[in-house]
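Visitor: Here's a sequence, model it:
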Amino acid sequence: MASSVLNLYDRLILERSRVIILFFCGLLALAAWQLPQFSLDASADSLLLEDDADLSYYREMRMHYPSGDEFLLVTFQPKEGDVFNPSNLALFKKLQDELAALESVKATNSILNLPLLHHEKMSLTQVEEYSRTLLDEDVDLEKARTEILSHPFYLEQLIDADAKTTAIQVVLYSDPELTKLVEKREVLRKEQDEGQDHSAEIADISLQIKTLNQKQVEQSEKTIDQIRTILKELEINPGVDGVKAAVKPFDKEEQPIAKPEAETFLGGVPMIVVDMVRFVQRDLQVFGGVVVFFLVLTLSLIFRQFGWVALALSACVSTSVLLTGFLSGIHFPITVISSNFVSLIFIITLSMIIHLIVRFRELRARYEVGGVDYTKEVPAHKELVKQTVQQMFWPCVYTSLTTVVAFMSLAFSRIRPVIDFGIMMSIGILCAFIVSFIFFPALLKTFPVKQKQQKAKGEQRAPFSLIFARMTQGLGNWLYVIILGLVGFSLFGLSILSVENRFIDYFKDDTEISKGMKLIDRQLGGTTPLDVVISFPELAKQAQEVAALEDERDCFVEDCSETPEAEPLLTMARIETLRKAQQTIESIRGVGKVLSIVSTLDTLAIANKGPLNGVEVALLDTAFPDEFRDLLWNPYISPDRYEFRFSLRIIDSDPELVRADLIRDIQTRLENEVGLQPDQVKVAGMLKLYNNMLESLFDSQIRTLGVVFFAILIMVALLFRSLRLAVVALLPNILAGIFVLGLMGWFGVSLDIMTITIAAICVGMAVDNSIHYIYRFREEYALVGDYDKAMWRSHGSIGRALYYTSMTIIVGFSILMLSSFKPTIYFGFFTSVAMCMALLGALTFLPRLMLTLKPLKKK
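Guide: Numbers count the residues shown, from 1 in each chain. Here you go, the predicted structure:
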């Protein structure tokens, strides 16, 4: 830092330290005022690639096929007997009635109120007249059981094959205004893709959608709490007296009622969204406080003075509050991906503060001890603060810039939340730097920490960091053999690292949400939705030709009675093709329940007392009962688009499931085994979009990793004015990065939206240590002119700061491994591993390279 700038800094900051403190207190109050606006966005749309062609197709498809309102699924497992036991059915009905009575519940569907078609007088034209439900008194329970357990729609959708588990679909009210806004935005996006500019309008609508989505999530949260209260009460007190009247329709023999008991679980997309946010919020509140406590404890053990702990904690908390308040105030989108930003900014600020404290203490101790390097009298306290800032300014500038480069690599991901995470971390690093070099020095100047009485030279303990110096010197070139072993270990782990995203794996096995999701996944046909659309473009072309011919002919002057007609979409031959397609899809591992127009025809065959013939099939589109059209017809066929939709649910808990392979298998097997052309088959849905997102994220991170390292290389070369020193600084970072990713591969932890940021964090942390160490090594070498002595002196000074910083962070973030939310566990563990590798790299591998290559020139 130039002397003129340093003098200006002295006049503006240190001489006006109380004004600076008051100014920051005002900023903190303003930021704290904005904190209530802090919220997490866990909506599915926030995790997609906006420029994904499959997303455009998916949005278009949703406009043609009604997907219905959002719903929750409540599972019901009797502890004795099966679902059709009269007392169990009675308790099930009591539960459904209580759920239906909730204010935000639009409807409830279960085996109790869905239509049965086995009536002896039933025919295809009398479906509405003779359809019954289990609640009707004239229903034969055994016949109903037989139909339900073989029903194309009910089996593995609302009941399992053993009748041991059933479910209630709890349909929630949707916001019509939100639906209209989403549809309007889709239309505008399509027009924008065609060249029209609707950017401002789309941005405005997106903001409205976000607000309404937040309200809907809050309503879902309230409803989920109400449902869980009902379920808990049901398990504690089934209420036998209350179900006696309800038993009558199911128990014709009026047998004594046994006490009905059942185990219940709640599932569904709204519940996953609510619980993910709650897990993250709970971790932020509970573990945030625990982490701060352990950081305070560790800092107390390191510095053994309350003043240093208070100053360091004040700076770290100030940075976190300022950043969170700023982001909340500008409504910056914060998702579950970026929810750990507070912890990371706390780390980065703490790292800078520890370096400043250690340097300050070191300067003061050296002046008091005296010696060759510091022979003057101890300067004034303000002068010591100024010297500390002067000596640590440029190292911290470059460590901050290189960390920003590492995080800004996330901007190449094309995924909005990941890009936003990189941006907010870059803003946070700037905030941490400002607090560390303006607010903290002002605090230190105003509230000086007294120096503890120095022990006699013989009584002083050698810094623990000197152990690494002994290790580096003792191992010699054998250290390179160990490094090569670590590289081999890491590369093999990288080769088995997978890219997957299983929401079911985000929660520990003993949590309620995990148990419920696995039950639905394994007993009721799967959890994750996927669509397969089979089209017949030749029919569309034929229809266009017929329409064109009709337009060209003049029926006043020529005979139009023999005008050819387009082939109907639904024919017996085409039904066989679709049936074969469904059987092929069902045979693929990982696919659970499959519903399509084939399922609809099988359902109608029950009412028809046999398969439909060609004439009946031809009349279906016009004669289909209106009562069942939205349930059995419209979701699976689009006559205008000449296509059929297959609705799949994927068994998400299958440990062998690889989603990219599943999507490819569906496409290739439909082409090879059914004889469909590639342009006839389209796989769509959230699973496909998430898979595209993950593949894009992985590819972009791998591609940009080289760019990041190159950018860091150039920056470090500019700092030290030496390409050799830059390469030396970079090698430990590369080792730390590939080691953490390799360890993820060995542990079977997949790269997904929650873990992909660990690589950027690792690189950012490791490069800081390298820069600080080389900067100090260069200073010490200039004083003593000997590489070995410079290494020992560097380990005794900056090595101590690196050790303190790393151990404080490792201890703090190890606490996160006690969470029930696995992404938080992974974040805590791998961040700790990254810090450990960064420390070992900076204090062993890096000095060994310095001793071997001798990149510094003698002065």
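
Visitor: quick one: the helices in the stretch 751-859 of the chain?
Guide: 757-784, 787-796, 798-814, 822-840, 846-853 (DSSP state H, counting those that start in this stretch).

Visitor: Out of these, which gets nearest to Pro448?
Guide: The closest of these to Pro448 is helix 798-814. By C-beta to C-beta, the value is 19.9 Å. C-beta coordinates here come from the backbone N, C-alpha and C atoms, glycine included.

Visitor: I'd like to know which of the helices of the stretch 751-859 of the chain is closest to Met271.
Guide: helix 822-840 (17.3 Å).

Visitor: Flag the shaky bits of the stretch 201-350 of the chain, pLDDT-wise.
Guide: Along the stretch 201-350 of the chain, segments meeting pLDDT under 70 span 236-260.

Visitor: for the helices of the stretch 751-859 of the chain, which one sits closest to Ile534?
Guide: Of all these, helix 822-840 comes closest under C-beta to C-beta, at 36.8 Å.

Visitor: Now do that closest one against helix 798-814, angle only.
Guide: Interaxial angle of helix 822-840 relative to helix 798-814 (axes from the mean of the first three to the mean of the last three C-alpha atoms, to 10 degrees): 170 degrees.

Visitor: Can you spell out the domain ranges of the protein, please?
Guide: By the assignment in automatic domain parsing, the chain contains the domains 48-114+154-267, 273-451+467-496+691-853, 512-550+565-687.

Visitor: Tell me which of those is the most buried.
Guide: domain 273-451+467-496+691-853 (a mean of 20; mean count of other C-beta atoms under 10 Å).

Visitor: Give me the distance from that one to the chain's centre.
Guide: The chain centre lies 24 Å from the centre of domain 273-451+467-496+691-853; the measure is C-alpha atoms, centre = their mean, to the nearest Å.

Visitor: Quote the end-to-end distance of that domain.
Guide: For domain 273-451+467-496+691-853, the separation between the terminal residues is 54 Å (C-alpha to C-alpha, to the nearest Å).

Visitor: Please apply the same query to stretch 152-159.
Guide: Start-to-end span of stretch 152-159 (C-alpha to C-alpha) is 11 Å.

Visitor: ok so, going back, as JSON lines, the helices of the stretch 751-859 of the chain with distance to Ile734 would be great.
Guide: Below are the helices of the stretch 751-859 of the chain laid out as JSON lines (distance: least, C-beta to C-beta, whole Å):
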{"stretch": "helix 757-784", "distance to Ile734": "9"}
{"stretch": "helix 787-796", "distance to Ile734": "21"}
{"stretch": "helix 798-814", "distance to Ile734": "18"}
{"stretch": "helix 822-840", "distance to Ile734": "11"}
{"stretch": "helix 846-853", "distance to Ile734": "12"}
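
Visitor: Glu142 is nearest to which of those?
Guide: Distance to Glu142, taken as C-beta to C-beta, is lowest for helix 822-840 among the helices of the stretch 751-859 of the chain, at 45.4 Å.

Visitor: For Phe38, list the residues it contacts.
Guide: For Phe38, the contact set (C-beta atoms under 8 Å, 6 or more residues apart in numbering) comprises 324, 327-328, 334.

Visitor: redo that, cut-off 7 Å
Guide: Neighbour list for Phe38: 324, 328 [criterion: C-beta atoms under 7 Å, 6 or more residues apart in numbering].

Visitor: Distance-wise, check it relative to Ser320.
Guide: 12 Å (C-beta to C-beta, to the nearest Å).

Visitor: Could you pull out the helices in the stretch 501-650 of the chain for me?
Guide: Using DSSP H, counting those that start in this stretch, helices in the stretch 501-650 of the chain cover 512-523, 537-552, 572-586, 597-608, 614-623, 626-628.

Visitor: could you redo those helices as JSON lines and give each row distance to Ser174 and mean pLDDT?
Guide: Formatted as JSON lines, those follow (distance: least, C-beta to C-beta, whole Å; pLDDT from 0 to 100):
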{"stretch": "helix 512-523", "distance to Ser174": "22", "mean pLDDT": "85"}
{"stretch": "helix 537-552", "distance to Ser174": "32", "mean pLDDT": "71"}
{"stretch": "helix 572-586", "distance to Ser174": "29", "mean pLDDT": "94"}
{"stretch": "helix 597-608", "distance to Ser174": "24", "mean pLDDT": "87"}
{"stretch": "helix 614-623", "distance to Ser174": "28", "mean pLDDT": "80"}
{"stretch": "helix 626-628", "distance to Ser174": "21", "mean pLDDT": "75"}
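
Visitor: Can you tell me which of those is nearest to Gly742?
Guide: Across the helices of the stretch 501-650 of the chain, closest to Gly742 is helix 512-523 (C-beta to C-beta), at 27.8 Å.

Visitor: Measure how that closest one sits relative to helix 822-840, angle-wise.
Guide: 110 degrees.

Visitor: Number the residues from 546 up from this point.
Guide: Renumbered: residue one is now 546, and that last one reads helix 1057-1068.

Visitor: In a markdown table, list the domains of the chain along with distance to Leu573.
Guide: Shown next, in a markdown table, are the domains of the chain (distance: least, C-beta to C-beta, whole Å):
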| stretch | distance to Leu573 |
| --- | --- |
| domain 593-659+699-812 | 26 |
| domain 818-996+1012-1041+1236-1398 | 6 |
| domain 1057-1095+1110-1232 | 37 |
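
Visitor: Which stretch among these approaches Ser548 most closely?
Guide: Nearest of these (C-beta to C-beta): domain 818-996+1012-1041+1236-1398, 9.0 Å.

Visitor: the longest helix in this structure is where?
Guide: In the chain, assigned by DSSP state H, the helix with the most residues is helix 744-781.

Visitor: I'd like to know which elements it is packed against.
Guide: Counting contacts by 3 or more C-beta pairs under 7 Å, 6 or more residues apart in numbering; DSSP states H and E, helix 744-781 is packed against strand 616-623, helix 631-645, strand 711-717, helix 721-738, strand 807-812, helix 814-827.

Visitor: 6 Å instead, please
Guide: helix 721-738, helix 814-827 (3 or more C-beta pairs under 6 Å, 6 or more residues apart in numbering; DSSP states H and E).

Visitor: so what does the shortest one touch, helix or strand wise?
Guide: The reference is to helix 814-827. Counting by 3+ C-beta pairs under 6 Å, 6+ apart, helix 814-827 packs on helix 744-781.

Visitor: could you check the angle strand 807-812 makes with the helix it packs on?
Guide: Computed by the same axes, to 10 degrees, the angle between helix 744-781 and strand 807-812 is 170 degrees.

Visitor: For Ala1379, see how far away Asp599 is.
Guide: Using C-beta to C-beta, Asp599 is found at 34 Å from Ala1379.

Visitor: so which strand or helix has the residue nearest to Val1078 when sequence neighbours are not counted?
Guide: Of all residues not flanking Val1078 in the chain, Lys1227 sits nearest, at 4.5 Å (C-beta to C-beta, 6 or more residues apart in numbering). Per DSSP states H and E: Lys1227 is located in strand 1226-1229.

Visitor: What is the subsequent helix or strand relative to that strand?
Guide: helix 1231-1265.

Visitor: And the contacts of the helix or strand just after that following helix?
Guide: Using DSSP H and E, the helix or strand that follows helix 1231-1265 in sequence is helix 1268-1292. Here helix 1268-1292 makes contact (C-beta atoms under 6 Å, 6 or more residues apart in numbering) with 1035, 1038-1039, 1041-1042, 1258, 1261-1262, 1304, 1307-1308, 1311-1312, 1315, 1319, 1375, 1378-1379, 1382-1383, 1386, 1390-1391, 1394, 1400.
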